[in-house]
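>>> Just to be clear, the model below is a prediction. Sequence and coordinates:
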Amino acid sequence: MSPESSKRFRVSAYNFGFLDEGSKREIRRSTLKAVAIPGYQVPFASRELPIGKGWGTGGMQLSLSLAGSRDTIKVIDQGHDDSVNAVSIRHLIQSCTQVEMTRDSQAASLIQSRHRIPEIPLRKDQILILQVPQPDPLKKVESHEKKVKQLHADKDYKGMWLHLYEDISQWGDISISADYPSTAHERYLFAPSPLPRWDVPKLNHSEALCLLGAGREKKIYAIPPHTQVTPLAFDDVPFTTENFGKASCKNCGADNVYLDEFIDDETGQKTYSCSDTGYCHQRMAERRIQ
Amino acid sequence: MKGDQAFDLVHDSQLIYREMLEAVSRPGTISNIKTVLTKLPDSPVNPGLIGMALTILDGETSFAVVPEFSKLSSYIQQKTGSRVETLDQADYILMHDLSLVPSFSEVIETIKKGTLIDPHDSATLLIQVKSFSATNGAPYILSGPGIASESQVPIEGLPENWEKTRQRANKEFPLGIDFFFVSQAAEILSIPRTTRIRKA
Ligand SMILES: [Zn+2]
C-alpha cells in the first residue's frame, strides 16, 4: 500500500461518541447479530463510562454506537425527561456527539429509555434503546451462567413456567409487575427490561426496532420490527396489562395511558398523572392552543 | 478539499452501520451507501463491499475472500487489521464475484453456522451482486421478522437455487448464516437467518 493511498483515510473528531472506534465496531457487530437472532443475548465487551452504575451503561453504549449527525435523541427515565439520570445521560450524549436532543418522542430518531416505552406508537424511522439491569429471566430460576446458556440452547423453559405457576398458586394471579418474561419469534425467552406490563404488547409486531443493552451483564439483544413477542401465560390465567379503571390524568385528562398514582397527604385522595411526561406536556400544550 | 472526499472512518462508518442495521432489521429493504462510491478510489473491488468491510472488520475478527483474490485480502488486512482465516473458521465471508465461484453450495456448507450454545458464532456473508433491478433480477418473496407480511425483492446475479442452499444452512434455527448483499450501485439488502424465502 502506498503512503498516498493511506492518506485518503480520514479519522475525524477523535472520540466522537465518547467510545473509541474499536469499541463501537464491536457493539455494532454484536447488534447486527442480535437483530438476526431475535431475543438472543449476544455477549459484548462492555466498556466503562463516566456515569454511575445502574445508570444504563448498556443503553448508553448502544446509543453512542448508533448516533450520528443526522440523529435527534430523546432520553427518558421512568417516563421522565427531567430526572437526574435522564439529564446526566442526555448531557453526556450531547457533549460527545453534538447531536440534537429533544423531549418530543415524535421528533426523535433514537429514544433511549428506562422503564417505559412512549405512549405515542413508535414509527419505522425510530429506534428504541432500552437499558437493562438483568437481561436473563432465567436468572430467577438458575444462577449459573453456563447452565442458563444451556437452558436457552435446549429451549428448556420449564423452570420459568414452574416459577409462574408457583406465583399463581401463591397469589391467585401472576404477581410480576415489571420485566414480564416473554418470548421473541417463538424461540428465545427474554427480559423486556423493567417495563410495566402495559408496555410489553408494544414490542409485539412493533414498527420500530428495539435494542436492549445490559452494561453490567455485557449483553446486547434485539426485538426487530414486525416480530412476534409473546408474554408467557397460561390458558386459564392470561397475560393482562394494568387496569386503571376510570382514572385519568389530572394534568391533561388522558385515559388509556399508563398512569402514576399519587396520594394527597391531607385528603388521602388518590390522584393520577401520565407516567410519560413528554406526552403529557404535549397534550397540555395542544389544549392551550385550542 | 481532497480531504472531504476521503472515506471517514468515524462518520462514514457510522452511516454505513446504520444502513446495515436498517437492512438487517427489515429484510428485503434496499438501503444505500452510495456515499462510499467516490470515497474509496483505490478499492480493488466495488467500494460498496469495501465500505461494509471497513465498517465492521478489525483485529478482533477474521475473514475469508471467495474466490481467492490476494489483492482484496491484503487490502482488507492492511486497512482493518482483520486476519485471514480458512473458510470453515472465518467470521466474515467476502464474495466479490459470484461468477468465479465454482460451487456456491460448497461454500455455504463449509462456513460456520454457530452452535446451540453460541448461535452468534456464525459466519456473515458480504456478497457483491449485480443489482436489485426489477427488470433483470429474479424476484423472491420474503417473510419473517422485520417484514410486515411479505416483501418482494429482485436480486440479479445470484446462482441458480441459491435460496435452497441457504435454506439447508438455516434449517436449524437459531443456527444459521446472515447475508448482506451489495449492488454495483452500492445499494445494500440483507437476508438474516430468520427470513423465509420463496421464488415469486
Ligand atoms: Zn397527562
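It's in. Numbering: from 1, shown residues only, chains lettered A, B, ... in the order given.

>>> What number of residues are in the vicinity of the closest residue to residue B:200 other than its chain neighbours?
With Cβ to Cβ, 6 or more residues apart in numbering or on different chains as the criterion, residue B:200 has its nearest non-adjacent residue at 3.8 Å, and that residue is residue B:139. For every residue, glycine as well, the C-beta is placed using N, CA and C. Neighbours of residue B:139 under the rule other Cβ atoms under 10 Å in any protein chain shown: 11.

>>> next one: residue B:27
Neighbours around residue B:27, by other Cβ under 10 Å: 28.

>>> Equivalent analysis for the one 3 residues further on, please.
One way to gauge burial is a neighbour count; for residue B:30, by other Cβ under 10 Å, it gives 18.

>>> what comes into contact with stretch A:230-245?
A:157, A:160-161, A:164-165, A:168, A:173-174, A:177, A:180-183, A:186, A:189, A:196-198, A:200-201, A:204, A:255, A:258-259, A:272 (Cβ atoms under 8 Å, 6 or more residues apart in numbering or on different chains).

>>> among those, which are in strands?
Among the contacts of stretch A:230-245, the ones falling in strands (DSSP state E) are A:182, A:183, A:189, A:259, A:272.

>>> Scan the residues you listed and report the most crowded one.
Within those, most neighbours by other Cβ under 10 Å means residue A:182, with 24 neighbours.

>>> got the contact list for that residue?
Neighbour list for residue A:182: A:189, A:190, A:192, A:200, A:203, A:229, A:230, A:231, A:232 [criterion: Cβ under 8 Å, 6+ apart].

>>> what about the fourth one, neighbour count?
Residue A:200 is surrounded by 22 other residues when neighbours are defined as other Cβ under 10 Å.

>>> residues contacting it?
Going by Cβ under 8 Å, 6+ apart, residue A:200 touches A:180, A:182, A:192, A:229, A:231, A:239, A:241.

>>> before we move on, the earlier item: what two of the ones in strands among the contacts of stretch A:230-245 are the furthest from one another?
Pairwise distances across the ones in strands among the contacts of stretch A:230-245 (Cβ to Cβ) peak at 32.9 Å, for the pair A:189 and A:272.

>>> closest point of the stretch 101-250 of chain A to the ion, which residue?
The ion sits closest to residue A:249 of the stretch 101-250 of chain A, with a gap of 3.1 Å, by Cβ to the ion.

>>> Thought residue A:280 was touching that residue, still the case?
Yes. Between residue A:249 and residue A:280 there is a contact under Cβ atoms under 8 Å: 6.2 Å.

>>> what's the overlap in contacts for the two?
A:273, A:274.

>>> all strands of chain A, in order?
A:9-10, A:42-43, A:72-77, A:100-101, A:110-114, A:127-131, A:182-184, A:188-190, A:209-214, A:219-223, A:229-231, A:259-263, A:270-274.

>>> swap in chain B?
Going by DSSP E, chain B shows strands at B:7-8, B:31-32, B:62-66, B:83-84, B:92-95, B:124-128, B:138-143, B:151-155, B:178-182, B:187-191, B:196-199.

>>> Now do the same contact list for residue B:131.
When contacts are counted by Cβ under 8 Å, 6+ apart, residue B:131 touches B:137, B:156, B:157, B:183, B:184, B:185, B:187.

>>> what's near enough to touch the first one?
What it means is residue B:137. Contact analysis of residue B:137 by Cβ under 8 Å, 6+ apart lists B:130, B:131, B:153, B:154, B:155, B:156, B:157.

>>> 10 Å instead, please
Residue B:137 makes contacts with B:129, B:130, B:131, B:153, B:154, B:155, B:156, B:157, B:158, B:183, as judged by Cβ atoms under 10 Å, 6 or more residues apart in numbering or on different chains.

>>> At the geometric centre of the chain, which residue sits there?
No chain in the question, so chain A it is. With distances taken as Cα atoms, centre = their mean, residue A:130 lies nearest the centre of chain A, 2.0 Å away.

>>> that's the wrong chain, I wanted chain B
By Cα atoms, centre = their mean, the most central residue of chain B is residue B:126, 2.2 Å off.

>>> quick one, phi/psi of the nearest residue to residue A:122 once chain neighbours are set aside?
Spatially, and ignoring its direct neighbours in sequence, residue A:122 is nearest to residue A:208 (3.6 Å; Cβ to Cβ, 6+ apart). With angles defined as degrees, to the nearest 10, residue A:208 sits at phi -100, psi 150.

>>> Now do the contacts for residue A:208.
Residue A:208 is in contact with A:111, A:117, A:121-128, A:202, A:223-225, B:25, counting by Cβ under 10 Å, 6+ apart.

>>> From residue B:73, how far off is residue B:20?
Noted for residue B:20: a distance of 22 Å to residue B:73, by Cβ to Cβ, to the nearest Å.

>>> Low-confidence ranges, chain B, go.
Within chain B, the stretches with pLDDT under 70 are B:1-4.

>>> quick check: longest helix of it.
Ranked by number of residues, the top helix in chain B under DSSP state H is helix B:11-25.

>>> So it, near chain A or not?
Yes. For helix B:11-25, a contact with chain A is found by Cβ under 10 Å from any Cβ of the partner chain, at B:11-18, B:20-25.

>>> For those residues, give me TSV that also has distance to residue B:43 and neighbour count.
Formatted as TSV, these follow (distance: Cβ to Cβ, whole Å; neighbours: other Cβ atoms under 10 Å in any protein chain shown):
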residue	distance to residue B:43	neighbour count
B:11	18	17
B:12	13	23
B:13	15	22
B:14	20	25
B:15	17	18
B:16	14	25
B:17	19	24
B:18	21	21
B:20	18	25
B:21	23	22
B:22	23	20
B:23	20	29
B:24	23	31
B:25	27	28
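
>>> Dump those into CSV; add distance to residue B:77 as well.
Listed next are the residues of helix B:11-25 next to chain A as CSV, based on distance: Cβ to Cβ, whole Å:
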residue, distance to residue B:77
B:11, 24
B:12, 20
B:13, 18
B:14, 23
B:15, 24
B:16, 19
B:17, 21
B:18, 26
B:20, 21
B:21, 25
B:22, 28
B:23, 25
B:24, 25
B:25, 30
